[in-house]
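Colleague: Mind folding the following:
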Amino acid sequence: MQRRIILSGAALMLAVALVPSTRAADPAASTLAREPAPKGARVFFVEPKDGATVGRDVEVRFGVEGIAIAPAAEGKPGTGHHHLLIDGKALPPPEAPIPNDATHKHYGKGQTGDTIQLEPGTHTLQLDFADARHVQFDPPIVSPKITVHVK
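Modeller: Modelled structure (predicted):
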């Protein structure tokens, strides 16, 4: 017996993003098309300020202009959500979903802030705004890196 599953909208985009390519030998087969970034769209930190000295519990608040925030599950074209890159050396690969790990925090419900825990020392933070598939826009909508000093 053959079963047919029909997906649409965000479920389809998520399924396409998560299913491994059957043509792994072809590098282009594993890339995802990027949405064009609206002209003038930008993201930035409201808090903390660059160079701030903070405690281990760090309140971060994100700002955005020129593009709408929407939960990833909605899958609305032309919208996106924040990702927080902690101590990142470089941006993630542009045609693949941003990883979800300790140094790449996802805010796919449309959140504009969080309280994160950092070890004492100096850390860098950067925002990376991505579409419902967690893929960066073209060009990427990223904040300047900021540095925080955790006491």
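
Colleague: For Ala73, give me phi and psi.
Modeller: phi -60, psi -20 (degrees, to the nearest 10).

Colleague: I am assuming it contacts His134, so please confirm or correct that.
Modeller: No. Ala73 lies out of contact with His134 (C-beta atoms under 8 Å); the separation is 11.9 Å. No exception for glycine: its C-beta is placed from N, CA and C like everyone else's.

Colleague: what sits in contact with each of these two?
Modeller: Taking C-beta atoms under 8 Å, 6 or more residues apart in numbering as the criterion, Ala73 and His134 both touch Gly108.

Colleague: quick one, which of the two is more surrounded?
Modeller: Between Ala73 and His134, counting by other C-beta atoms under 10 Å, His134 is the more crowded of the two (24 against 15).

Colleague: Count the neighbours of the nearest residue to that one once chain neighbours are set aside for me.
Modeller: Nearest non-adjacent residue to His134, counting by C-beta to C-beta, 6 or more residues apart in numbering: Pro97, 4.0 Å away. Neighbourhood size, Pro97 [other C-beta under 10 Å]: 20.

Colleague: try Gly51
Modeller: The local packing of Gly51 (other C-beta under 10 Å) involves 9 other residues.

Colleague: Using the three-state scheme, assign the residue nearest to it when sequence neighbours are not counted.
Modeller: Leaving aside its sequence neighbours, Gly51 sits nearest to Thr147 (C-beta to C-beta, 6+ apart; 6.0 Å). Following DSSP: H, G, I helix; E, B strand; the rest coil, Thr147 is assigned to strand.
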